[in-house]
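Student: Structure of the sequence below:
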Amino acid sequence: METSIIVSGFGGQGALFAGQLLAYAAMESGKEVTWIPSYGPEMRGGTAHCTVIVGDEPIGAPLVRNPQCVIAMNLPSADKYEPLLKPGGLLVYDDTLVRRALVRDDIRGIAVPAHDIAMRHGSQRLVNVAMLGALLAARPVVELAAIESALRVHLPARHAALLEPNIAVLRAGAGYIGALAGA
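Tutor: Next up is the predicted model:
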């Protein structure tokens, strides 16, 4: 089985880091992985994204036209990727910056108060990991414990003080989805 995921947001929101964490966690869980970042003039302020494919078998091609899952951390990302999602796909979006109803009725959309979750844990810089936790609670491509392990290994040393807040916000993002499912 193979799952394609696009993580997208403004440059500086950590979309590439969230995708990289997912890729590391999947790889360290014994899965096949590709991670393709989008660099260029979009990096700071524009829309930046990455594509992650996680599979049980070798991945034939790293490019994805119609992903199964999208994390949209801003409105331009939701506008760009909602039409491209496969029917039955999952769009997890930050309801702080995406304040419109989804257009499609053949996909599952989950609005996550990611900014609020991140701020409760100390910094808006944690939105990306809150969104990743929400995605993984809705579509468990890898276990949260694998993401926690990847954070411990791959979080840059200059951000060591953010390790525990990142783990807490990862769990909070997942917990938000769990609470929705239980409601």
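Student: how deep is the residue nearest to Lys86 when sequence neighbours are not counted tucked in, by neighbour count?
Tutor: Closest residue to Lys86 apart from its sequence neighbours, by Cβ to Cβ, 6 or more residues apart in numbering: Asn66 at 4.7 Å. All C-beta atoms are positioned from the backbone trio N, CA, C, and that covers glycine. By the criterion of other Cβ atoms under 10 Å, Asn66 has 12 neighbours.
Student: per-residue confidence at Asn66?
Tutor: Predicted confidence (pLDDT) for Asn66: 97.
Student: Who are the contact partners of it?
Tutor: 84-86, 89 (Cβ atoms under 8 Å, 6 or more residues apart in numbering).
Student: Give me the PyMOL select line for those residues, limited to the buried ones.
Tutor: The PyMOL selection below is limited to those of these classed as buried (16 or more other Cβ atoms under 10 Å):
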select buried, resi 85+89
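Student: now, which of the contacts of Asn66 sits nearest Leu151?
Tutor: Nearest to Leu151, judged by Cβ to Cβ, of those is Gly89 at 26.4 Å.
Student: What helix or strand is Asp106 located in?
Tutor: Using DSSP states H and E, Asp106 maps to neither a helix nor a strand.
Student: and if you look at the one 3 residues further on?
Tutor: Secondary-structure element containing Gly109, defined by DSSP H and E: strand 108-112.
Student: elements contacting that strand?
Tutor: The contact analysis (3 or more Cβ pairs under 8 Å, 6 or more residues apart in numbering; DSSP states H and E) places strand 108-112 against strand 90-94, helix 127-138, helix 163-182.
Student: Which residues does the helix or strand that it is followed by contact?
Tutor: Moving toward the C-terminus from strand 108-112, the next helix or strand (DSSP H and E) is helix 114-120. By Cβ under 8 Å, 6+ apart, the residues outside helix 114-120 that reach it are 73, 94-97, 124-127, 129-131, 134, 169, 172-173, 176.
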